[in-house]
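Engineer: Dropping a prediction and its sequence here:
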Amino acid sequence: MISSPPEGRGQGEGESAIVAFMTIELVDACLQSGEYVDSASPQIAAFAARLCGDASDDITRASACLGRGSGFCVAKAALLAAAARAVGIPARVGFADVRNHLTTPKLRRLMGSDTFYHHGYTELFLEGKWVKATPAFDRRLCEKFGVRPLEFDGRADSLFHPYDVAGRRHMEYIADHGPSADVPVDEILEIFTREYPGLMAADASATRFRVEAEEVRRRKEHAS
């Protein structure tokens with residue numbers, strides 16, 4: 001529940017105070033460790049400290065975290081958000097449906113689609129605003145497939161490019177589901193199971209995602 005803002009202000013000032021108060025609470029929530037964006041984990045803290053070193057400003061530290069880690073997009077987005085929180089940068093995960101016009105025939109057969117539902121990205125609160133970062137493809141992978149790598153300066157959104165280096169259509173954003181303080185695992189598993197039955201049965205990353213989610217769920221049930 002949100003507490004009341006300070007009293008004794010005019011209507012305009014009161015409305016501004018409410019917005020500011022809600023923003024502070026939202027930002028604070030995006031500094032807390034979550035079940036999946038587990039920034040309190042010693043491994044995450046060590047990882048973030050190693051990448052950031054003695055960097056002195058948030059934007060440098062956030063960009064240093066970008067593009068590291070392993071796994072598919074949701075896991076990478078959660079890793080980036082957790083690492084950012086571990087060094088004091090408010091961060092959250094976001095999700096969008098994207099169509100990959102350059103999907104390989106093998107991946108298309110496995111997925112049964114060229115649409116990636118609930119593609120994961122990260123939002124970082126930098127210089128007073130939320131900025132999107134997409135830690136999905138590393139530079140070597142981009143060079144291999146001729147797609148443009150994503151640069152991130154901490155001030156502008158870093159999203160998939162609509163065209164590759166040859167001018168062919170690449171990524172198309174279909175729907176944005178917005179941000180979340182933690183990964184909505186049950187929702188994602190339901191969507192993946194419905195849309196990608198072949199992938200969920202065959203892909204190791206998807207299987208690990210499901211196993212880890214079930215392990216967390218069991219721990220929560222045991223704790224309660």
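Structural biologist: Here it is on my side, so go on. Given the structure is predicted, the values throughout are model-derived calculations rather than measurements. Residues are numbered from 1 along each chain as shown.
Engineer: after the helix or strand of the chain with the lowest mean pLDDT, next one along is what?
Structural biologist: None of the helices or strands of the chain scores lower by mean pLDDT, DSSP states H and E than helix 58-65, at a mean of 44. Tracing the chain past helix 58-65, the next element assigned as helix or strand by DSSP states H and E is helix 73-86.
Engineer: What helices and strands are in contact with that next one?
Structural biologist: With contacts taken as 3 or more C-beta pairs under 8 Å, 6 or more residues apart in numbering; DSSP states H and E, helix 73-86 sits against helix 42-52, helix 58-65, strand 91-100, strand 115-126, helix 204-223. C-beta coordinates here come from the backbone N, C-alpha and C atoms, glycine included.
Engineer: swap the cut-off to 6 Å and go again
Structural biologist: Counting contacts by 3 or more C-beta pairs under 6 Å, 6 or more residues apart in numbering; DSSP states H and E, helix 73-86 packs against helix 42-52, helix 58-65, strand 91-100, strand 115-126.
Engineer: and the last one, which strands flank it?
Structural biologist: Strands adjacent to strand 115-126 in the sheet, as given by DSSP bridges, are strand 91-100 (antiparallel), strand 129-133 (antiparallel).
Engineer: which of the ones you listed sits most buried?
Structural biologist: Sort the strands paired with strand 115-126 by mean neighbour count, taking mean count of other C-beta atoms under 10 Å, and strand 91-100 sits at the top with a mean of 22.
Engineer: what's next to that one, contact-wise?
Structural biologist: 30, 77-78, 81, 84-85, 114-121, 123-124, 171-177, 179-181, 183 (C-beta atoms under 6 Å, 6 or more residues apart in numbering).
Engineer: Show the buried residues in those.
Structural biologist: 30, 77-78, 81, 84-85, 115-121, 123-124, 171, 179-181, 183 (16 or more other C-beta atoms under 10 Å).
Engineer: on that earlier part again, E151: which of the helices and strands packed on helix 73-86 is closest?
Structural biologist: helix 58-65 (8.9 Å; C-beta to C-beta).
Engineer: isn't L150 right next to T134, touching?
Structural biologist: Yes - the pair L150 and T134 qualifies as a contact (C-beta atoms under 6 Å) at a distance of 5.5 Å.
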